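[1] Quick one: sequence plus predicted model below, questions after.
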Amino acid sequence: MSTTIWVDADSCPKLVRNYLVNYSQKLNLKIIFVANKNIPCENPHPLFSMVITDKESQAADNYIIENISENDIAVTRDIPLASLLVEKNIVVLNDRGTRWTKENIKERKSERDFALNLSMLGLKGDGKNTYSKKEFAEFANCFDREIHRLIK
């Protein structure tokens with residue numbers, strides 16, 4: 001059974017998207033970007049595809065959930081999506097090098113819900129959302145380890 005790389009593409013940094021497309025070509029693996037709008041790909045190849053879903057809330061997430069297989073890998077920042085995929089025994093990574101598991105996703109989901117509640121009360125954070133070279137390196141190392149474990 002072959003492995004497919006699924007990317008929740010709308011929130012995925014360009015650096016990560018480009019890395020994944022190039023890596024998938026190197027390993028001859030299918031890669032699918034999913035979003036509710038077209039997300040540019042700098043180096044498309046025959047195993048790359050872009051799925052554009054309806055604009056309704058959760059359409060891209062639902063598409064991934066309905067089409068992903070157990071031997072696949074998903075990259076997403078979306079904690080609720082990651083949680084659902086982990087429950088399906090899918091390997092799920094965020095773009096900062098965390099592999100989500102049944103153990104750590106529950107805590108992260110709780111933190112996310114708490115932050116969302118604070119935001120709804122008007123108590124927002126600093127709004128900074130940077131992506132560093134260190135985070136990318138941690139992602140690349142994590143992805144390399146997990147994809148090789150899947151395709152061995």
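    Good, I have the coordinates.

[2] and S83, that one's in a strand?
    No: read with DSSP: H, G, I helix; E, B strand; the rest coil, S83 is helix and lies in no strand.

[3] Need the per-residue pLDDT for it.
    Note on S83: pLDDT of 93.

[4] Tell me the gap between stretch 72-86 and the middle of its chain.
    6 Å (CA atoms, centre = their mean, to the nearest Å).

[5] What residues of it count as buried?
    Across stretch 72-86, burial judged by 16 or more other CB atoms under 10 Å covers 72-79, 81-86. Every residue, glycine included, has its C-beta placed from N, CA and C.

[6] Same question for stretch 140-152.
    Per 16+ other CB under 10 Å, stretch 140-152 contains these buried residues: 140, 142-143, 146-147, 150.

[7] same deal with stretch 93-109?
    93-100, 105, 109.

[8] could you give the mean pLDDT of it?
    Mean pLDDT, stretch 93-109: 85.

[9] same question, stretch 14-21
    Per-residue pLDDT values over stretch 14-21 give a mean of 96.
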